[in-house]
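[1] I would like the atomic coordinates for the input below:
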Amino acid sequence: MKTAAAVLNGHGPTSRGFRQLSPLNPDVQEAGVIVTRWPDNIPSRDALGALAALREDNEGMVLAPLIPERVIVRSARAGEVWWGDYERGAPVAAAFEDLAGQLWPVTDETTRSNA
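    This next block holds a predicted model:
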């Protein structure tokens, strides 16, 4: 039997198979796959190929938008400041905000703090 670490490192079955190998709560439903550090300015052939493989292995599970890679994120984390406060970090913050809205929709009856 493969370990969870092997699965997460890409040496095992797809994310759908992870639940079968793990003693996690069987009622947990997968929301999807979030792609981070996406080279959106000029994606390499390797990056495009990896994304295509990810979409093929996890049909319908890759969520959009992809989270773009920005140097400001690493720099801000190293400085322990919020990268969303910087203009170059705005596309990353906007992508996370969009995904959060999809995963935890806000209705008239609820707010994100109650979700």
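[2] Quick check: Gly49 vs Asp57, distance?
    Gly49 sits 12 Å away from Asp57, going by Cβ to Cβ, to the nearest Å. Any C-beta I mention is one placed from the backbone N, CA and C, and that applies to glycine too.
[3] neighbour-wise, which of the two wins?
    Using other Cβ atoms under 10 Å, the more surrounded residue of Gly49 and Asp57 is Asp57, with 16 against 11.
[4] how much space is there between that one and Pro91?
    Asp57 is 27 Å from Pro91, by Cβ to Cβ.
[5] Next: Glu69.
    Distance from Glu69 to Pro91, by Cβ to Cβ: 10 Å.
[6] overlap in contacts of these two?
    Asp40 (Cβ atoms under 8 Å, 6 or more residues apart in numbering).
[7] So Val92 belongs to a strand, correct?
    No. Val92 is assigned helix when assessed by DSSP: H, G, I helix; E, B strand; the rest coil, not a strand.
[8] Quick check, it in contact with Ala76.
    No. The criterion here is Cβ atoms under 8 Å, and Val92 misses it with Ala76 at 9.9 Å.
[9] got any residues that touch both of those two?
    With Cβ under 8 Å, 6+ apart, Val92 and Ala76 have common neighbours Trp83.
[10] These two: which is more packed in?
    Val92 (22 against 19).
[11] distance of the more buried one from Asp27?
    Counting by Cβ to Cβ, the gap from Val92 to Asp27 is 32 Å.
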